[in-house]
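*Asks:* I'll drop the sequence and a predicted model, then ask my questions.
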Protein chains: 2
Amino acid sequence: MKLSPEQLAAFDRDGYLFFPGLFSSEETKRLNEAVPELYGRREAFNVREKGSEAVRTNFAAHLYSEPFARLARHPRMVEPVRQLLGEALYMHQFKINGKMAFEGDVWQWHQDYGTWKNDDLMPTERAMNVAIFLDDVTPFNGPLMFIPGSHKRGVVDAKHDVSTTSYPLWTVDNALIAQLVERAGGKHGGIVSPLGPAGSMILFHSCLVHASGSNLSPWNRVSVYLSLCAVSNHIRRFKRPEYIAHRDFTPIDCLPDDCLLRDCAVDLPWKDGMPPSALETSIDEARKAA
Amino acid sequence: MKLSPEQLAAFDRDGYLFFPGLFSSEETKRLNEAVPELYGRREAFNVREKGSEAVRTNFAAHLYSEPFARLARHPRMVEPVRQLLGEALYMHQFKINGKMAFEGDVWQWHQDYGTWKNDDLMPTERAMNVAIFLDDVTPFNGPLMFIPGSHKRGVVDAKHDVSTTSYPLWTVDNALIAQLVERAGGKHGGIVSPLGPAGSMILFHSCLVHASGSNLSPWNRVSVYLSLCAVSNHIRRFKRPEYIAHRDFTPIDCLPDDCLLRDCAVDLPWKDGMPPSALETSIDEARKAA
């Protein structure tokens, strides 16, 4: 899978590329079927919605779940990102976001690279967000919203919101959002939502400003969000636990294209539980040293 | 304005009728411009969002604001409802819902007649909801969601939710919502959102199950929601304050069709403030008598 010059130009202009139905329903099914057991675990890597048992986000499943370990090495996902970033990649973050039927809460407007820079000391924005739909995404189950072209602004001011939802986020000021949306076309294209069947994929720039609404529908909107970082751009600080911001900078080797449908051997280093070190942070170390 | 046999059949089948752009932009502008001053008042009739200064809903503006007093007697709104209910009408409830940019919170799945029956002892469902858009409604500013045909189930079970948002609501159980959506076509039409420009109008059955999501966009989605009740079907109990559930059952006389654009005289009984009686309820009276 090689991106065309038109696709490269569209990515540069809009900050994202959408691939509807890139994975087959059989491939998506294998992934989706593994989710309930993962969400059922009582572990730090499962963050639940405020005042609810529904999982908001699950971290690092590629280290303890076979189907997701395969997805993390899938050529349809890794190769276009390698082409865009022009370098070997490692997995910086791996999430399965719930946005569950009736329960899924909002994600406020934010950029991902802002967090990676502020918290993880990732040197530049040379990392890519990938969203893979495990459920159909409709206007009614809280689709992602992008402000096209907003990545061109680089890192914008953000404040750390620890109260709106159950997961802390560096969120962008309303006045700036209004300005970015206006510049992107206002009511005519200033906000877009890629909609499509389970198996669709979006690549989006780590500075693209995005959000998503609540899900009041009876349809889950489970998606894998993963972040591939250029190896030379690896993070410099371990302020967040390892299950959130990974510390293994080994370049990803791709598996064959049909790896989701057959028994490809994959390493599952956390299959018997997270190592205690995965919960430790540089803040703990600083405290110990003091 | 007379509804056609096709429109009558569609209303019976779906539980709603949509009239995009029914009011002109000049008419809508007169209404919308009056909103900030009304929302600015520190009165019981303005209910604000949880943890925010943004107005969630304003009640009874037709009793103290000229433009809205005219809208409450507008033939383009009143006549089709009179045709559908076959009787003279009075104003049971009059709201200007904010759903403000960035701040507008969800309205959970509910039926309006459930509340009118339980709280107000309205004898039958012979009352009509009307929504009039004062802003353009897009997929991004928290549009209304309907489950077509759900009015056919009559009044369904509901529980009184006093915690999710700042306004108490009798909300419908998730399992029943899932069932109603499935019956209405599931992902193919089981939920619909009428979208259109400011000035559009929706008539919807008082038993139609509806909801709306949060508004994370930079665009307000102010709408007038009013409820016209057949005079013979007037409420029998005054458990809720008068500014929420009206007690004046005088039939509405329509003004001329151009009433929003010229100085039609209208009565504004609450222009100098709500009378103390508007805050009193039958619960207070029972307490006094005891």
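*Replies:* Yep, that arrived.

*Asks:* isn't residue A:217 right next to residue A:138, touching?
*Replies:* Yes: counting by C-beta atoms under 8 Å, residue A:217 does reach residue A:138; the two are 7.3 Å apart. Glycine gets a C-beta too; all of them are placed from N, C-alpha and C.

*Asks:* more neighbours, the two?
*Replies:* residue A:217 (26 against 18; other C-beta atoms under 10 Å in any protein chain shown).

*Asks:* Tell me the spacing between the more buried one and chain B.
*Replies:* 6 Å (C-beta to the nearest C-beta, to the nearest Å).

*Asks:* repeat for residue A:284
*Replies:* On the measure of C-beta to the nearest C-beta, residue A:284 and chain B end up 33 Å apart.

*Asks:* helix, strand or coil for that residue?
*Replies:* The three-state assignment at residue A:284 reads helix, by DSSP: H, G, I helix; E, B strand; the rest coil.

*Asks:* Can you give me the pLDDT of it?
*Replies:* pLDDT for residue A:284: 78.

*Asks:* give me the number of residues near it?
*Replies:* Quick note: residue A:284 (other C-beta under 10 Å) scores 13 neighbours.

*Asks:* contact partners of the worst-scoring helix or strand of chain A on mean pLDDT?
*Replies:* When the helices and strands of chain A are scored by mean pLDDT, DSSP states H and E, helix A:282-289 comes last with a mean of 79. Residues outside helix A:282-289 that contact it (C-beta atoms under 8 Å, 6 or more residues apart in numbering or on different chains) are A:237-239.

*Asks:* wouldn't residue A:25 be in contact with residue A:198 here?
*Replies:* Yes: counting by C-beta under 8 Å, residue A:198 is a contact partner of residue A:25 at 6.5 Å.

*Asks:* neighbour-wise, which of these two wins?
*Replies:* More crowded of residue A:25 and residue A:198, by other C-beta under 10 Å: residue A:198, with 22 against 11.

*Asks:* Which residue would you name as the spatial centre of chain A?
*Replies:* Most central in chain A under C-alpha atoms, centre = their mean is residue A:225, positioned 2.5 Å from the mean C-alpha point.

*Asks:* how deep is the closest residue to it other than its chain neighbours tucked in, by neighbour count?
*Replies:* What sits nearest to residue A:225 in space, not counting adjacent residues and going by C-beta to C-beta, 6 or more residues apart in numbering or on different chains, is residue A:95, at 4.7 Å. Close neighbours of residue A:95, defined as other C-beta under 10 Å, add up to 20.

*Asks:* cool, residue A:41 as well?
*Replies:* Using other C-beta under 10 Å, residue A:41 has 13 neighbouring residues.

*Asks:* same question, residue A:266
*Replies:* Residue A:266: 17 neighbours (other C-beta under 10 Å).

*Asks:* Which of the three states applies to it?
*Replies:* coil.

*Asks:* Just the local confidence number for it, please.
*Replies:* So residue A:266 comes in at 96 (pLDDT).

*Asks:* about what we covered before: tell me the buried residues in the helix or strand the residue nearest to residue A:225 falls within?
*Replies:* Here residue A:95 is covered by strand A:89-97, with elements defined by DSSP states H and E. By 16 or more other C-beta atoms under 10 Å in any protein chain shown, the buried positions in strand A:89-97 come out as A:89-97.

*Asks:* Tell me the one among the residues you listed nearest to chain B.
*Replies:* Of all the buried residues of strand A:89-97, chain B sits closest to residue A:97, with 16.1 Å by C-beta to the nearest C-beta.

*Asks:* ok, the closest one - contacts?
*Replies:* Here residue A:97 is in contact with A:56-58, A:222-225 (C-beta under 8 Å, 6+ apart).

*Asks:* List the contacts of the one helix or strand the residue nearest to the centre of chain A maps to.
*Replies:* Using DSSP H and E, residue A:225 maps to strand A:223-230. With contacts defined as C-beta under 8 Å, 6+ apart, strand A:223-230 is touched by A:31, A:62, A:68, A:71-72, A:77-78, A:81, A:85-97, A:99, A:112, A:116, A:122, A:126-135, A:137, A:144, A:206, A:235, A:252.

*Asks:* rerun that using 6 Å as the cut-off
*Replies:* Strand A:223-230 is contacted from outside by A:81, A:85, A:87, A:89-90, A:92-97, A:126-133, using C-beta atoms under 6 Å, 6 or more residues apart in numbering or on different chains.

*Asks:* and the residue nearest to residue A:72 when sequence neighbours are not counted, what are its phi and psi?
*Replies:* Using C-beta to C-beta, 6+ apart and skipping the chain neighbours, the partner closest in space to residue A:72 is residue A:62 (3.8 Å). Main-chain torsions, residue A:62, degrees, to the nearest 10: phi -70, psi -10.

*Asks:* for the helix or strand where residue A:9 lies, which positions count as buried?
*Replies:* In this structure, residue A:9 sits in helix A:5-14 according to DSSP H and E. Within helix A:5-14, the residues scored as buried using 16+ other C-beta under 10 Å are A:7, A:10-11, A:14.

*Asks:* continuing past it, what's the next helix or strand?
*Replies:* Once helix A:5-14 ends, the next helix or strand along the chain (criterion: DSSP H and E) is strand A:16-19.

*Asks:* Now tell me what touches the helix or strand just after that next one from outside.
*Replies:* Per DSSP H and E, the first helix or strand lying C-terminal to strand A:16-19 is helix A:25-33. Helix A:25-33 has contacts (C-beta under 6 Å, 6+ apart) with A:67, A:134, A:198-199, A:260.

*Asks:* Just list the residues touching residue A:14, thanks.
*Replies:* Contacts of residue A:14 by C-beta under 6 Å, 6+ apart are residue A:148.

*Asks:* how near is it to residue B:138?
*Replies:* Per C-beta to C-beta, to the nearest Å, residue A:14 is found 19 Å from residue B:138.

*Asks:* swap in residue A:89?
*Replies:* Taken as C-beta to C-beta, the span from residue A:89 to residue B:138 is 36 Å.

*Asks:* sorry, back to before: from the contacts of helix A:25-33, which is closest to chain B?
*Replies:* Nearest member of the contacts of helix A:25-33 to chain B, counting by C-beta to the nearest C-beta, is residue A:198, at 11.2 Å.

*Asks:* So that closest one belongs to a helix, correct?
*Replies:* No: Residue A:198 is assigned coil when assessed by three-state DSSP, not a helix.

*Asks:* what's the closest non-adjacent residue to it?
*Replies:* residue A:28 (4.4 Å).

*Asks:* ok so, going back, restrict the helix holding residue A:9 to CA atoms and write it as PDB.
*Replies:* Only the C-alpha atoms of helix A:5-14 are listed here, as PDB (Å, rounded to 0.1, in the frame of the first residue of the first chain):
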ATOM      1  CA  PRO A   5       1.000  12.100  -4.800                       C
ATOM      2  CA  GLU A   6      -2.700  13.200  -4.500                       C
ATOM      3  CA  GLN A   7      -2.900  11.500  -1.100                       C
ATOM      4  CA  LEU A   8       0.300  13.100   0.100                       C
ATOM      5  CA  ALA A   9      -0.900  16.500  -1.000                       C
ATOM      6  CA  ALA A  10      -4.300  16.000   0.700                       C
ATOM      7  CA  PHE A  11      -2.600  14.900   3.900                       C
ATOM      8  CA  ASP A  12      -0.400  18.000   3.900                       C
ATOM      9  CA  ARG A  13      -3.400  20.300   3.200                       C
ATOM     10  CA  ASP A  14      -6.000  18.700   5.500                       C
END
